[in-house]
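> The amino acid sequence is not available; the structure is as follows:
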Ligand SMILES: C[S@@+](CC[C@H](N)C(=O)[O-])C[C@H]1O[C@@H](n2cnc3c(N)ncnc32)[C@H](O)[C@@H]1O
């Protein structure tokens, strides 16, 4: 007789990544991809209220990284709308501020940090925002495994972790391979938008701005951009940078 406890104990809890080695694609492009090694991202816990809200709404609004291409129309319950993926949405401050201004657009927020996703989920539920869905997982893997090639109208990366020490630069998400992967997932005319407050990361991005032949670098500002580029609010990380007198740099590219 099958052990009926087995499936209960082996099934990950709501929104939890499965135990064991995370999915990691071996790319054969010869380009550079973020190498995170054994980095573990902030774990944090949810309050009781957050946990209850998360468990009630995650099955509808969220999913965990898996090896399955998303049926975007089915997930959002509407057909043919533009889709933007935001990688590293943090607590979703700018996500929740921008989404009501782009209700016609499907927004997929990707983040590893569960309390951040729980905070965004709370905002979505409280404010009745219905054009945002969330994926818990590594943004590079989400793009590679869950996003159809040439399917996205935009990709956003706001204030990515700067990894300031030279020996950690290989962990930065903006790399030649990530730019190539993003370009393959964007539709022609789709937009990549990156913002950073970190001068050294900005210099790093400046060096990579023209390396991807599928992307045309537009700089900043680009008033004719076909997607919303005003981030609307100062996020926690942006605010910390401004407190230190950092300059905010924004970057836009379009898929050729
Ligand atoms: C410095 S925070 C910025 C968060 C938010 N965009 C903001 O401006 O407040 C960077 C976020 O990216 C997330 N992150 C880092 N690497 C990631 C990856 N490979 N995939 C998804 N999220 C990632 C981190 O967990 C963190 O919440």
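Arrived safely. From a predicted model like this one, the values you see are computed outputs, not experimental measurements. Residues are numbered from 1 along each chain as shown.

> Could you list the contact residues of the stretch 1-150 of the chain toward the ligand?
Counting by C-beta under 6 Å from any ligand atom, the stretch 1-150 of the chain comes close to the ligand at 41, 87-90, 93, 110-113, 116, 138-140. (Each C-beta comes from the backbone N, C-alpha and C, glycine too.)

> repeat for the stretch 151-256 of the chain
158-161, 173, 235-238.

> Make TSV from those and add secondary structure and neighbour count to it.
Output for these, formatted as TSV (DSSP: H, G, I helix; E, B strand; the rest coil; neighbours: other C-beta atoms under 10 Å):
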residue	secondary structure	neighbour count
158	strand	22
159	coil	23
160	coil	22
161	coil	16
173	coil	19
235	coil	22
236	helix	13
237	helix	22
238	helix	20
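
> among these, which two are most distant?
Taking C-beta to C-beta as the measure, those span a maximum distance of 18.2 Å, between 173 and 236.

> out of the residues of the stretch 1-150 of the chain next to the ligand, who has the most neighbours?
When these are compared by neighbour count (other C-beta atoms under 10 Å), residue 89 ends up highest, at 29 neighbours.

> Wasn't that one part of a strand?
No - Residue 89 is assigned coil when assessed by DSSP: H, G, I helix; E, B strand; the rest coil, not a strand.

> Might one say that it is in contact with residue 116?
Yes - shown here, residue 89 and residue 116 form a contact pair, counting by C-beta atoms under 8 Å, at 6.8 Å.

> pull the longest strand from the protein.
Determined from DSSP state E, the single longest strand within the chain is strand 186-196.

> Need the residues that contact that one.
Identification of contacts with strand 186-196 by C-beta atoms under 8 Å, 6 or more residues apart in numbering yields 150-160, 162, 174, 179, 182-183, 202, 205, 215, 225-227, 229, 231, 238, 248-256.

> before we move on, the earlier item: just the ones of the residues of the stretch 1-150 of the chain next to the ligand in helices?
93, 116, 139-140 (DSSP state H).

> Closest to the ligand out of the residues you listed?
residue 139 (3.4 Å; C-beta to the nearest ligand atom).

> Read off the pLDDT value for the closest one.
Residue 139 is assigned 96 on the pLDDT scale.

> May I have the residues that are in contact with the nearest residue to it once chain neighbours are set aside?
Nearest residue to residue 139, sequence neighbours excluded (C-beta to C-beta, 6 or more residues apart in numbering): residue 87, at 3.3 Å. Listed by C-beta under 8 Å, 6+ apart, the contact set of residue 87 reads 110, 139, 142-143, 155-157, 160, 173.

> How are the helices of the stretch 101-250 of the chain distributed by residue range?
114-127, 139-146, 176-185, 199-208, 236-243 (DSSP state H, counting those that start in this stretch).
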